[in-house]
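Visitor: coords below, sequence missing:
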């Protein structure tokens, strides 16, 4: 599932290519998770002014309105000046004067949603409950620890929930907890300030490294220019069950938390 690093990599790969592009047409394929929310022809003539991101949402800001794009479980975007005919799993084309932005999504859990403004519905509803951006200046250690003290769920589940800090997906939560030396089953409210500070730093470091490495390509993720991610090759625990911990040599363990696989070292990560 594309997480914050993959969406940020996608944003960077389309930003300069889309700026100033004027919409010439919109093609819709099979229905996605939510309807577009505007007649496709109503987008004709609008100009892309900026490409942003909030959590796992890509935000295409036009001279009027904003398009919110979510990659769902298996989606990816491509941008080409000479795209091939759409495939059965290509569900949205934004045809512009600079090229075609295409959403490919085999499982159709992704979404492309129009909002007249970032502060009005449906953008306000989709973005309003998201936590702090972990790579932004607002993600401070003191506020992070205070938020964790109010949560009694296992720390990995709190990281995945997205209301304390947004975009820390399954791979990156496992890796950050390993780097911080914290067992994923430890209740968030039990974390002392020093341990929370270590986790705060680990989250930032892991996500930034993932962005620098182009994200993680476990199945079919690629940037909008077709480049695969390489962070998965550096994973210390994720997907390495039964293999020796890179620090102490103890076999990495796997367990299930909230229907998701969790990987940890039973020696390096303390309850």
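Guide: Great, that's in hand. A quick note: this is a predicted structure, and the numbers were derived from the prediction, not measured. Residues are numbered from 1 along each chain as shown.
Visitor: now the end-to-end length of stretch 28-42.
Guide: Separation of the first and last residues of stretch 28-42 by C-alpha to C-alpha, to the nearest Å is 14 Å.
Visitor: quick one: buried residues of that stretch?
Guide: Using 16 or more other C-beta atoms under 10 Å as the test for burial, stretch 28-42 gives 29, 32, 36, 40. Bear in mind the C-beta positions are built from the backbone N, C-alpha and C, glycine included.
Visitor: Would you mind pulling the contact partners of it?
Guide: If you take C-beta atoms under 8 Å, 6 or more residues apart in numbering as the criterion, stretch 28-42 is touched by 25-27, 65, 70, 72, 86, 88-92, 103, 105, 108-115, 122.
Visitor: ok, 6 Å please
Guide: Identification of contacts with stretch 28-42 by C-beta atoms under 6 Å, 6 or more residues apart in numbering yields 26, 90-91, 108-114.
Visitor: Between the buried residues of stretch 28-42, which sits nearest residue 261?
Guide: residue 32 (26.4 Å; C-beta to C-beta).
Visitor: Now do the same for the closest one: its pLDDT.
Guide: Residue 32 carries a pLDDT score of 96 in this model.
Visitor: And for residue 225?
Guide: With respect to pLDDT, residue 225 scores 79.
Visitor: swap in the one 4 residues further on?
Guide: According to the per-residue confidence, residue 229 scores 77 in pLDDT.
Visitor: Kindly provide the distance from it to residue 155.
Guide: Using C-beta to C-beta, to the nearest Å, residue 229 is found at 25 Å from residue 155.
Visitor: Between all of the contacts of stretch 28-42, which two are separated the most?
Guide: Using C-beta to C-beta, the contacts of stretch 28-42 span at most 20.5 Å, a distance reached by 26 and 109.
Visitor: neighbour-wise, which of those two wins?
Guide: More neighbours surround residue 26 than the other of residue 26 and residue 109, with 20 against 15 (other C-beta atoms under 10 Å).
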